[in-house]
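# no FASTA, just this:
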């Protein structure tokens, strides 16, 4: 549902999705990275169940967090120190506070645009990860 201010209401969490940065609360913004419209619909339907989108899209008091949706390529500034829902290259994932990957128990929908129902049928689930980048100089013992 589009609002008059150009943001989108996502049902249950009713958080404003804005393309511009929220500079004062950068680390409080949840970033959703996906080029698939069905992901937003599926995230809304996953609601406040443990491990569902509502867990990440609301604070401890159940209030909506600011949400930014990126439908193109995410940049380091987009994800740094934030909770990111979506699948990222490892170099970007290492910059995020937490990456909540969308994973499938069955074969993921591929090859064409899919629906939220397709995601459910394929066993879509949210799984959090913390990715740590290593360096050849400082982490040689781990890399040998």
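Yep, it's here. What you are looking at is a predicted structure, and each value in this text was computed from that prediction instead of being measured.
# Against which helices or strands is the top helix by length along the chain packed?
Within the chain, and with DSSP state H defining each element, the longest helix by residue count is helix 37-46. Counting contacts by 3 or more C-beta pairs under 8 Å, 6 or more residues apart in numbering; DSSP states H and E, helix 37-46 packs against strand 30-33, helix 53-57, helix 116-121. In short, each C-beta sits where N, CA and C put it, glycine included.
# so residue 90 touches residue 129, yeah?
No. Here residue 90 lies out of contact with residue 129, judged by C-beta atoms under 8 Å, at a distance of 10.1 Å.
# and the two? which has more neighbours close in?
Ranked by neighbour count (other C-beta atoms under 10 Å), residue 90 and residue 129 place residue 129 first, with 13 against 10.
# tell me the phi and psi of that one?
With angles defined as degrees, to the nearest 10, residue 129 sits at phi -140, psi 150.
# Would you tell me what the next helix or strand after the helix or strand of the chain with the lowest mean pLDDT is?
Ranking every helix and strand in the chain by mean pLDDT, DSSP states H and E puts helix 53-57 at the bottom, with a mean of 65. Moving toward the C-terminus from helix 53-57, the next helix or strand (DSSP states H and E) is strand 67-70.
# what mean pLDDT would you report for that next one?
Strand 67-70 carries an average pLDDT of 87.
# Which element, helix or strand, includes residue 102?
strand 98-104.
# hmm, who's touching that strand?
Here strand 98-104 makes contact (C-beta atoms under 8 Å, 6 or more residues apart in numbering) with 34, 39, 56, 83-88, 93, 119, 122-131.
# Residue 68 and residue 78 touch, don't they?
Yes. Taking contacts as C-beta under 8 Å, residue 68 lies within contact range of residue 78: 7.4 Å.
# Now list whatever residues contact both of these two.
By C-beta under 8 Å, 6+ apart, the residues touching both residue 68 and residue 78 are residue 31.
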